[in-house]
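1. need a 3D model of the following:
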Amino acid sequence: MELAGIGLRDEAGAVEAIPEGATVFLATGRQTAARFAGLAGRRVICRVVDEQAAPFPSRAGMAGRTAALHGFHEVDLFRRLGVDWLVAKNAGGAAGRAKLEAAKASGIVVAMLPRARNSPRLKLVPGGGAGLGGEAGMSIGRIIAGPECVAEGVAWLVARDDGMARARAAVEEVPLRLKPDGFAQLLSAIVSQQVSVASAAAIWGRMQAAGLVTAEALAQASDEDLRAVGMSRPKMRYARALAGAGIDYEALRGMPGEAVIARLVEVPGIGAWTAEIYAMFSLGRADVFAPGDLALQEAARLLYGLEERPKERAFREMAVAWSPWRSVAARLLWAYYRVAKDREGIG
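-> Numbering: from 1, shown residues only. Sure thing, here's the model as predicted:
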């Protein structure tokens, strides 16, 4: 996605794109900083990266004398300063990806300016991304591949959040919960909607026995075939919509989490929760959350002593503090919910 269809090639385009009232963080050279610092109606913060005699423009704030932008240690700085936009020169390679990762984790817009006159077109993306002609691209973030990844995420959360530390102390383990990806996994999710676990397992077992778990088989099946395995009429429609959606499941593996979710919810019968769960457990995304999940909401209410379950929008904002390990936070909250449910009889 581009930000309002804007694509930038130069500093002038970026200057025009930044709206009034925005807080802009400049990780650029002095010449570029001077141009942005002259913007009226914007709060501009400059990073000092060298010892040149020429001062930064007097209208710009100073973020401090420090090393060049790199990695997630910048996230706290961005949030503390209330940064909306990051403007940086494209260094390419690991340095460029680090800038994109920091912006993604902070939920800000990044404008990465080309170094050369004929550099590829730049696209702005809300909430952490810029695509530079496929050179740096938008990162998909960390992938949870095994228990060691979950352990790393838990350690990060526990060190930064007292509530997460309490949750970890209350549970025996934080499960991995990885699942296969592809058509069958999403079809199984549709089958499981609004029925008990036992009923869903029985229907899915009959579908497997009948060979009705591929897009090709679903497309050729009659209503009678689907009714015979226990599918309701709405689920027949959803299953056929999924079969005809033309989703490239291999391509989903390389897409950012937001893009994966946006693609999946285009299909009737797949809502945000199903798409988020797929991104978490079938694609192993480390920084996806499901704020509409009632068990997660209840776990947060109990863990943080809230008067009521957080609403979805507020919960999404609350979860920003757990980035870049939001899916690990979800795993920990689900584990805590099970313990609390057994202890307090939550229905």
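2. I'd say residue 337 and residue 300 touch.
-> No. Residue 337 is beyond contact range of residue 300, at 9.1 Å (criterion: CB atoms under 8 Å). The C-beta positions use only the backbone N, C-alpha and C, and glycine is treated the same way.
3. residues in contact with residue 339?
-> 170, 171 (CB atoms under 8 Å, 6 or more residues apart in numbering).
4. can you give me the strands in the stretch 101-250 of the chain?
-> 109-113, 122-125, 129-132 (DSSP state E, counting those that start in this stretch).
5. for the record, mean pLDDT for the last one?
-> What it means is strand 129-132. For strand 129-132, mean pLDDT rounds to 32.
6. wait, isn't residue 298 in contact with residue 337?
-> Yes. Look at residue 298 against residue 337 with CB under 8 Å: they come within range, at 6.1 Å.
7. and those two? Which one has more around it.
-> residue 337 (24 against 21; other CB atoms under 10 Å).
8. that one belongs to a helix, doesn't it?
-> Yes. Checked against DSSP: H, G, I helix; E, B strand; the rest coil, residue 337 lies within a helix.
9. let me see the contact set for it.
-> 295, 296, 298, 299, 302, 346.
10. what comes into contact with stretch 156-176?
-> So stretch 156-176 is contacted by 144, 146-147, 150-151, 154, 299, 303-304, 321-322, 325, 328-329, 331-336, 338-340 (CB under 8 Å, 6+ apart).
11. among those, which ones are buried?
-> 144, 150, 154, 299, 303, 322, 325, 328-329, 331-336, 340 (16 or more other CB atoms under 10 Å).
12. what sits against residue 292?
-> 272, 273, 312, 315.
13. can you do 10 Å?
-> If you count contacts by CB atoms under 10 Å, 6 or more residues apart in numbering, residue 292 has them with 271, 272, 273, 276, 311, 312, 313, 315, 316.
14. tell me the spacing between it and residue 219.
-> Going from residue 292 to residue 219 by CB to CB, to the nearest Å gives 31 Å.
15. what does residue 195 give?
-> 23 Å.
16. between these two, which has more neighbouring residues?
-> residue 195 (15 against 11).
17. nearest spatial neighbour of the more buried one, skipping sequence neighbours?
-> Nearest in space to residue 195, with sequence neighbours left out and distances taken as CB to CB, 6 or more residues apart in numbering, is residue 203 at 7.4 Å.
18. give me the pLDDT value at that neighbour.
-> In this model, residue 203 carries a pLDDT of 96.
19. what sits against it?
-> 188, 191, 192, 195, 229, 230, 231, 232, 235.
20. again, only using 7 Å
-> Shown in contact with residue 203 (CB atoms under 7 Å, 6 or more residues apart in numbering): 191, 229, 230, 231.
21. which of those residues fall in helices?
-> residue 191 (DSSP state H).
22. which of the contacts of residue 203 tops the neighbour count?
-> Once you tally neighbours by other CB under 10 Å, residue 191 ends up highest among the contacts of residue 203, having 24 neighbours.
23. and that one, how far from residue 313?
-> For residue 191, the distance to residue 313 - CB to CB - is 29 Å.
24. what of residue 278?
-> Taken as CB to CB, the span from residue 278 to residue 313 is 22 Å.
25. swap in residue 158?
-> On the measure of CB to CB, residue 158 and residue 313 end up 26 Å apart.
26. show me which of those two is the more surrounded one.
-> residue 158 (17 against 10).
27. before we move on, what's the pLDDT of that one?
-> For residue 158, the model assigns a pLDDT of 97.
28. next one: it from residue 286, what distance?
-> Distance from residue 158 to residue 286, by CB to CB: 16 Å.
29. residue 214 now?
-> Taken as CB to CB, the span from residue 214 to residue 286 is 30 Å.
30. look at the two and report which has more neighbours.
-> Ranked by neighbour count (other CB under 10 Å), residue 214 and residue 286 place residue 286 first, with 23 against 14.
31. correct me, but that one touches residue 152?
-> No. With contact defined as CB atoms under 7 Å, residue 286 does not reach residue 152; the gap is 9.1 Å.
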